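Enquirer: generate a structure from the sequence data that follows.
(2 chains, ligands or ions: 2)
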Amino acid sequence: MSFLVPKSLIRIKQIIAVTGLFLIFFVVAHLAGNLTFFAGADVFNGYAKKLQNMRPFLNFFEFVLFLIFIFHMYLTVFLIIRKRKVRPVKYSVQKSSAQRSFSSRLMTLTGPIIFIYIVLHLLDYTFSSHEGQATVVNGKSLGLYGLVFNSFSSLRHSLWYIFSMVAVGLHLDHGFQSFFQTFGIYSSKYGGFLKKFSRIFSICITLSYVTIPIYAYFLNHYGNDQVIKVGVLDESKL
Amino acid sequence: MMSKKITLNFKIWRQSSPEDKGKFKEYQLEDVSVSMSFLETLDLLNEKLVAQNEEPVAFDHDCREGICGMCGAMVNGEAHGPLKDTTLCQLHMRHFKDQDTLVVEPWRSAGMPVVKDLVVDRSALDRIVSSGGYISAKTGSAPDANATLIDKEKADLAMDAASCIGCGACVAACPNASPMLFVGAKISQLSLLPQGQPESLQRVEDMLDQVDEENFGHCSNTYECEAACPKSISVSNIARANRQSILKSLKG
Ligand code: HEM
Ligand code: FES
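Expert: Ligands and ions are numbered 1, 2, ... in the order given. This next block holds a predicted model:
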């Protein structure tokens, strides 16, 4: 099990970077699935059903994803410990000459926020019943769609999801371009482009994810009864 | 022509030995000519201190023309002070205003411990170079100038990397005290040229192993080093080292 205690800093970095890249793929794939929410209960539940039908394979995929997450987090612990050791006396004044991005300063904060978010997120929707009272919209059980829909009637819940997606975006703003650098895909010519690409990508990810809590919140409070199923806002009430 | 004189307030780190805990001491220095360099200003302060029977501020220096890499300190939180692409010895006092307060600290990192006041021990950087920053081919006597053809672009990149003077500002400015800009430059100056290529992958591994040995941190791609580097070495040199490290792990 020697790989559990990586000896070299550069290997640690490389593993954080590849696991990070796989997590980015996951974030994109998960988004694509989530966006079916806009197509209404039938499509969304159908999509969830299809995933569940792939069970033995899905179990394997979930396990790999779990390992990737664990490794990504576990290895950052080494870096954080090392970081504390290598500058025992702090500067009394330290200024950023490089105009360090906000997101790069916050990596060790946005990371754990994402972790807490994922745990709560799984409890919210994965490890909870997709039947019963919580799924009922207008007297009819709408399964997972209903569960998600109802949960976003709470402003607090919606804001927490939005906040977490901002944390994901910030993490990726630094993380994605950092992946390129760690894998040596950077040159003075296109380095600037990679940073911009990374920023635009993360903004798109955050904005796309938050459409769901925002939409569901407004649908809950301003939606018209019949259209909830097909997922169209009642404009007359807005 | 008499140059303008200003008065400066200094807060300088004083530490008598590696074991000493050290603390800041405040000094006021009058009649600082704006044409003086930062090190000349420290000289002026030291003359005053010696006259008062106080211990002068220890600082490293040699060429005082920005090419040897001996000088360096944090001035108001920036390595080599606020001026871009400049060593401390080439920083002139015209960049400061009358009555400015300057906080002067040594490079701080476990890998480059303070010896005294502003002097740090940079031998870790030398050990990183000795671990692999060389070529072992016998080069014989000087070859004909055009015997080995090298792309102009590559030659320029290698020269840019070779302009690293090993001052340690990259480590000092890095939030993780990582020397990767230094290492990237030392790796690139060799691996970009045909003579350095045969050993390039082994070199990367050996030099990076030495980085771990030396109590330096990891690179988290914040690019503070590039901004602090008095020779404006590009972080693309770190990318080159990273790339070779990946190749090395793939090829074993
Ligand atoms: C959606 C999930 C996540 C994605 C897509 C992701 C992606 C990434 C990427 C691409 C990097 C850059 C790797 C590099 O430096 O080259 C990174 C770095 C990092 N990640 Fe994550 N990550 C995720 C979750 C987490 C979690 C849950 C934590 C911690 C609990 C975390 C902590 C960190 C830290 C601390 C770094 C910076 C390492 C350094 O100092 O360079 N990440 N992440
Ligand atoms: S004294 Fe030589 S570079 Fe400053």
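Enquirer: number of residues surrounding residue B:52?
Expert: By the criterion of other CB atoms under 10 Å in any protein chain shown, residue B:52 has 7 neighbours. Where C-beta positions appear, they are placed from N, C-alpha and C, glycine not excepted.
Enquirer: give me the pLDDT for the residue sitting nearest the centre point of chain A.
Expert: The C-alpha lying nearest the average C-alpha coordinate of chain A belongs to residue A:168 (CA atoms, centre = their mean; 5.1 Å). Listed pLDDT for residue A:168 reads 98.
Enquirer: so what's it closest to, chain neighbours aside?
Expert: Of all residues not flanking residue A:168 in the chain, residue A:114 sits nearest, at 5.9 Å (CB to CB, 6 or more residues apart in numbering or on different chains).
Enquirer: before we move on, the earlier item: the residue nearest to the centre of chain A and residue A:109, how far apart?
Expert: For residue A:168, the distance to residue A:109 equals 13 Å [CB to CB, to the nearest Å].
Enquirer: cool, and residue B:143?
Expert: From residue B:143 to residue A:109 the distance is 55 Å (CB to CB).
Enquirer: again, but for residue B:198
Expert: 45 Å.
Enquirer: where does chain B have low pLDDT?
Expert: B:1-2 (pLDDT under 70).
Enquirer: what's the domain layout of it?
Expert: Domains of chain B are assigned by automatic domain parsing as B:5-105, B:122-135+B:148-251.
Enquirer: closest one to residue A:161 among these?
Expert: Each of the domains of chain B has some distance to residue A:161 by CB to CB; the shortest is domain B:122-135+B:148-251, at 27.9 Å.
Enquirer: run a quick neighbour tally on the residue of the stretch 101-250 of chain B found nearest ligand 1.
Expert: Going by CB to the nearest ligand atom, ligand 1 is nearest to residue B:220 of the stretch 101-250 of chain B, at 3.4 Å. By other CB under 10 Å, the residues close to residue B:220 number 24.
Enquirer: which residues touch it?
Expert: If you count contacts by CB atoms under 8 Å, 6 or more residues apart in numbering or on different chains, residue B:220 has them with A:79, A:104, A:107, A:178, B:175-176, B:178.
Enquirer: what about residue B:83, distance to residue B:17?
Expert: In terms of CB to CB, residue B:83 sits 31 Å off from residue B:17.
Enquirer: same deal with residue B:105?
Expert: Where residue B:17 is concerned, residue B:105 sits at a distance of 17 Å (CB to CB).
Enquirer: cool, residue B:206 as well?
Expert: 33 Å.
Enquirer: all helices for chain A, in order.
Expert: Along chain A, the segments classed as helices by DSSP state H run A:9-34, A:41-53, A:55-86, A:102-105, A:107-121, A:143-151, A:155-182, A:191-222.
Enquirer: nearest to ligand 2, of those?
Expert: helix A:55-86 (24.6 Å).
Enquirer: the closest one - what's its average pLDDT?
Expert: If you average the pLDDT over helix A:55-86, you get 93.
Enquirer: got the angle for it vs helix A:107-121?
Expert: 150 degrees (axes from the mean of the first three to the mean of the last three CA atoms, to 10 degrees).
Enquirer: now check helix A:55-86, is it near ligand 1?
Expert: Yes: counting by CB under 6 Å from any ligand atom, ligand 1 has neighbours in helix A:55-86: A:72-73, A:76, A:79.
Enquirer: quick one: that helix to helix A:9-34, angle?
Expert: 140 degrees.
Enquirer: quick one: residues contacting the closest residue to chain B within chain A.
Expert: Of all residues in chain A, the one sitting closest to chain B is residue A:184 (2.6 Å; CB to the nearest CB). Applying CB under 8 Å, 6+ apart to residue A:184 gives the contacts B:239-246.
Enquirer: let's see it at 7 Å
Expert: For residue A:184, the contacting residues are B:239-240, B:242-243, B:246, by CB atoms under 7 Å, 6 or more residues apart in numbering or on different chains.
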